[in-house]
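Peer 1: Below: sequence and its predicted model.
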Amino acid sequence: MRNRKQRQRGSAMIEFTLVGIPIIFVLISVFEISRAMWNYHTMAYAIKEGTRYAIVHGFDCTSDPNNSCGVTLGQVAQRIEYSGIGLDPTQLSLTFNSNGTAITCNLDDKTPSACVANTTPWPLAPADTPGRNIIISGTLPFQSALAMFWPGAGPGINFPTFYFSASSSDIIQF
């Protein structure tokens, strides 16, 4: 009996190495894929909310007697930023398109033409009339922590960045 125990000595460590390490890798992979899906879904939801906000503030909102309900590019961008809870606004790049005119900006841009500070009425005339189409697109970079498992990973090695993109298009209601 004693001879048998001595032969099995260290087998638990070998079993953990063969089974435990791959299970830990799979667990981390599940978390990373979940994080990526959450980032994409949140960005797509925020862009859709910005589009919904813009389509109900069209031509009739800039003419009498409702001229106080018109929106600016900054207000639509701010709606997107507030709806994208957890997203890094410094990373999100937006493109607003109406009537073939595209305006691209980042939410946390510190220049005078920053999205949130932009006071340009949007959608742009004459594309602000009911029945016209507007499109808001966004791009968000994503870098996975799975890259740390890459063979040869170490300081100075750059890992690829994936770019998630989402777009929302809708028709101005009034």
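Peer 2: On my side now, so go ahead. Numbering: from 1, shown residues only.
Peer 1: Which stretches in the chain count as strands?
Peer 2: Remark: strands assigned in the chain by DSSP state E are 93-98, 101-106, 133-142, 162-171.
Peer 1: Pick out the shakiest of the ones you listed, pLDDT-wise.
Peer 2: Among the strands of the chain, strand 101-106 carries the lowest mean pLDDT, at a mean of 85.
Peer 1: quick one: least confident helix or strand in the protein?
Peer 2: In the chain, the helix or strand scored least confidently by mean pLDDT, DSSP states H and E is helix 59-62, which has a mean of 58.
Peer 1: which helices and strands does the top helix by length along the chain pack with?
Peer 2: As assigned by DSSP state H, the longest helix anywhere in the chain is helix 21-55. Using 3 or more CB pairs under 8 Å, 6 or more residues apart in numbering; DSSP states H and E as the contact test, the elements touching helix 21-55 are helix 73-83, strand 133-142, strand 162-171. Yep, even glycine has a C-beta here, placed from its N, CA and C like the rest.
Peer 1: Quick check: which of the ones you listed is buried the most?
Peer 2: helix 73-83 (a mean of 21; mean count of other CB atoms under 10 Å).
Peer 1: what is the mean pLDDT for that one?
Peer 2: 90.
Peer 1: how far off strand 162-171 does it point, in degrees?
Peer 2: 120 degrees (axes from the mean of the first three to the mean of the last three CA atoms, to 10 degrees).
Peer 1: starting at the chain centroid, how far to helix 73-83?
Peer 2: Taking CA atoms, centre = their mean, to the nearest Å, the mean C-alpha location of helix 73-83 is offset from the chain mean by 14 Å.
Peer 1: nearest to R79, of the strands of the chain?
Peer 2: strand 133-142 (10.2 Å; CB to CB).
Peer 1: Under the pLDDT cut-off, which ranges of the chain? List them.
Peer 2: 1-9, 58-69, 107-113, 147-159 (pLDDT under 70).
Peer 1: 80 instead, please
Peer 2: 1-11, 57-70, 99, 106-114, 124-128, 145-160, 174 (pLDDT under 80).
Peer 1: For the most centrally placed residue in it, which non-adjacent residue is spatially closest?
Peer 2: Nearest residue to the geometric centre of the chain (CA atoms, centre = their mean): M43, 3.3 Å. Closest residue to M43 apart from its sequence neighbours, by CB to CB, 6 or more residues apart in numbering: L140 at 4.9 Å.
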